[in-house]
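Colleague: how would this look folded up:
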Amino acid sequence: MSNKTITVYYKNRNRQSKETLDLLIKKKCELQKKEISKKSLKRRELLSLLNKLDMCPEEIIKKDAALYIRQFKNKDLSNPEWVEVLCENPQLIDQPIIVKGDHAVIPETIEDVMKIIEE
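Modeller: Residues are numbered from 1 along each chain as shown. As a prediction, the model looks like this:
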């Protein structure tokens, strides 16, 4: 995998993930797709993502997810505990996450995606 490869962690039924993937395909980017809603993440992979995002685990949680509201909303967990929760429940991770080299972003706009493409 070259340093131009863009890795996208996504959920198949997520509109923003679909739009991001469509844009990256349209721009003919070299892609590696990882549908994280289908399988758990390894701890090391999640820690690497958090490092590239420069975020703590709680910052990447999709706080409107039913599972979060039902089981975790009022819990005061440590970062290592949140990492374990996210590894076991990747559907709680805000998506998509785009990684290129040592940089990652959870894009909120098309401009965020374009910045990654242009790096």
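
Colleague: partner residues bridging the spatially most central residue of the chain?
Modeller: Closest residue to the average C-alpha location of the chain: residue 97 at 3.1 Å, with CA atoms, centre = their mean. Beta bridges link residue 97 to residue 9, judged by DSSP bridges.

Colleague: isn't it up against residue 11?
Modeller: No. Applying CB atoms under 8 Å, one finds residue 97 not in contact with residue 11, separated by 10.4 Å. Backbone N, C-alpha and C define where each C-beta goes, glycine included.

Colleague: how far off centre is stretch 66-75?
Modeller: 19 Å (CA atoms, centre = their mean, to the nearest Å).

Colleague: contacts for it next, please.
Modeller: 61, 62, 63, 85, 89, 91, 92 (CB atoms under 8 Å, 6 or more residues apart in numbering).

Colleague: please tell me how far residue 41 sits from residue 49.
Modeller: Noted for residue 41: a distance of 8 Å to residue 49, by CB to CB, to the nearest Å.

Colleague: and if you look at residue 103?
Modeller: Counting by CB to CB, the gap from residue 103 to residue 49 is 11 Å.

Colleague: do the same with residue 55
Modeller: From residue 55 to residue 49 the distance is 9 Å (CB to CB).

Colleague: next, count neighbours for the residue nearest to residue 56 when sequence neighbours are not counted.
Modeller: Closest residue to residue 56 apart from its sequence neighbours, by CB to CB, 6 or more residues apart in numbering: residue 79 at 5.6 Å. Neighbour count for residue 79, taken as other CB atoms under 10 Å: 11.

Colleague: what of the one 3 residues further on?
Modeller: A count of neighbours around residue 82, defined by other CB under 10 Å, yields 21.

Colleague: great, nothing more from me.
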